[in-house]
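Student: here's a sequence, model it:
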Amino acid sequence: MISESSRTISPKFQLGTVVATPGALEALEKSGQSPAAFLSRHARGDWGDVCEEDKQLNEQALLDGSRILSSYRTGKDERIWIITEADRSSTCCLLPSEY
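Tutor: Alright, predicted model coming up:
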């Protein structure tokens, strides 16, 4: 039997070059969290706290190659966005105010 924690879930798309804004890095540092956990969720198709319409747009983006947006809350309740560009060349972790 394979335990839930030992399963490997493949990413649904490539992240490209990963960058983060100073605000996002500060928010993650304050919460004691790593961007890697959020990036992993994003790449696996766990879009976080986005509305149903954005979830649908993300699912469509997997098919048509458009931009993908996820939204998460840190342990300190700060919102973090992760956006992968349509060409999958890069992914940015940022605060909504930095968009």
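
Student: which stretches of the protein form strands?
Tutor: All strands of the chain, identified by DSSP state E, fall at 17-20, 68-73, 79-84, 90-94.

Student: check which helices and strands the second one sits against.
Tutor: This means strand 68-73. With contacts defined as 3 or more Cβ pairs under 8 Å, 6 or more residues apart in numbering; DSSP states H and E, strand 68-73 has these neighbours: helix 35-43, helix 52-64, strand 79-84. Using the backbone N, CA and C atoms, a C-beta is placed for each residue, glycine as well.

Student: ranking these by burial, who's on top?
Tutor: strand 79-84 (a mean of 22; mean count of other Cβ atoms under 10 Å).

Student: export the helices and strands packed on strand 68-73 to JSON lines and tack on mean pLDDT and distance to Tyr72?
Tutor: Putting the helices and strands packed on strand 68-73 into JSON lines (pLDDT from 0 to 100; distance: least, Cβ to Cβ, whole Å) gives the following:
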{"stretch": "helix 35-43", "mean pLDDT": "96", "distance to Tyr72": "5"}
{"stretch": "helix 52-64", "mean pLDDT": "97", "distance to Tyr72": "13"}
{"stretch": "strand 79-84", "mean pLDDT": "98", "distance to Tyr72": "5"}
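
Student: and those: which comes nearest Thr21?
Tutor: Across the helices and strands packed on strand 68-73, the minimum distance to Thr21, taken as Cβ to Cβ, is reached by strand 79-84, at 9.7 Å.

Student: how far off centre is that closest one?
Tutor: For strand 79-84, the gap between its own C-alpha mean and the chain's C-alpha mean amounts to 5 Å (Cα atoms, centre = their mean, to the nearest Å).

Student: for Phe13, give me its contacts.
Tutor: 43, 62, 68, 84, 88 (Cβ atoms under 8 Å, 6 or more residues apart in numbering).

Student: closest to Asp54 out of those?
Tutor: Using Cβ to Cβ, Ile68 is the member of those that sits closest to Asp54, with 9.5 Å.

Student: so the closest one makes contact with Arg44?
Tutor: No. Using Cβ atoms under 8 Å, Ile68 makes no contact with Arg44, being 11.7 Å away.
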